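Trainee: only geometry, no sequence info:
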């Protein structure tokens, strides 16, 4: 559940910064402030969520290219911002955390989608992450 909390914080924050035209240079400091506002004090949750945010930002072009390439019949801009944030976090984990099974990464993304997105999001996210996991793993 601690990793779920980290993923949810990362998704929420990445969703918010998706509205900026450019990622601010002080993004990690802003994320620290966001976590403080949430009242989060668990060091493991803070560390993992920071890694997810930092990693997603550092590999954003690669992640977004994977989404654009494999979201057949969907323009990138047509994907809801929250769904893009969920996909970004999950794809980052698929790319960098090989010790976490693809099934777990995808299941976590689906649970977060059920919590934060529409009822149509989980099947879309599941299909896209399944395709991408087979390519990057």
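Mentor: Alright, I've got the coordinates. Since we're looking at a predicted model, the values are computed, not measured.

Trainee: name the nearest residue to the residue nearest the centre of the chain, ignoring sequence neighbours.
Mentor: The chain has residue 89 as the residue nearest its centroid, 2.1 Å off, counting by Cα atoms, centre = their mean. Leaving out its chain neighbours, the residue that sits closest to residue 89 by Cβ to Cβ, 6 or more residues apart in numbering is residue 10, at 5.0 Å. To be clear about C-beta, it is placed using only N, CA and C from the backbone, and glycine gets the same treatment.

Trainee: coming back round to it: residues making contact with the helix or strand harbouring the residue nearest to the centre of the chain?
Mentor: Element membership for residue 89, per DSSP states H and E: helix 81-96. Outside helix 81-96, the residues that touch it by Cβ atoms under 8 Å, 6 or more residues apart in numbering are 7, 10-12, 14-15, 18-19, 52, 55-56, 59-60, 62-64, 66-67, 76, 79, 100, 102, 105-106, 108-109, 112-113, 116-117, 121, 124-125, 128-129, 132-133, 136-137.

Trainee: can you point out the buried residues in stretch 26-39?
Mentor: 27, 30-31, 34-35 (16 or more other Cβ atoms under 10 Å).

Trainee: in this structure residue 46 contacts residue 38, no?
Mentor: No. Applying Cβ atoms under 8 Å, one finds residue 46 not in contact with residue 38, separated by 10.0 Å.

Trainee: residue 53 and residue 78: what is the separation?
Mentor: 24 Å (Cβ to Cβ, to the nearest Å).

Trainee: which of those two has more neighbours?
Mentor: Neighbours per residue (other Cβ atoms under 10 Å) separate residue 53 from residue 78, with residue 53 holding more: 26 against 8.

Trainee: the host helix or strand of that one - contacts with which helices or strands?
Mentor: Taking DSSP H and E as the definition, residue 53 sits inside helix 43-58. Packing partners of helix 43-58 (3 or more Cβ pairs under 8 Å, 6 or more residues apart in numbering; DSSP states H and E): helix 2-17, helix 27-38, helix 81-96.

Trainee: pLDDT on the second one, on average?
Mentor: Over the span of helix 27-38, the pLDDT mean works out to 96.

Trainee: and if you look at stretch 5-24?
Mentor: 93.
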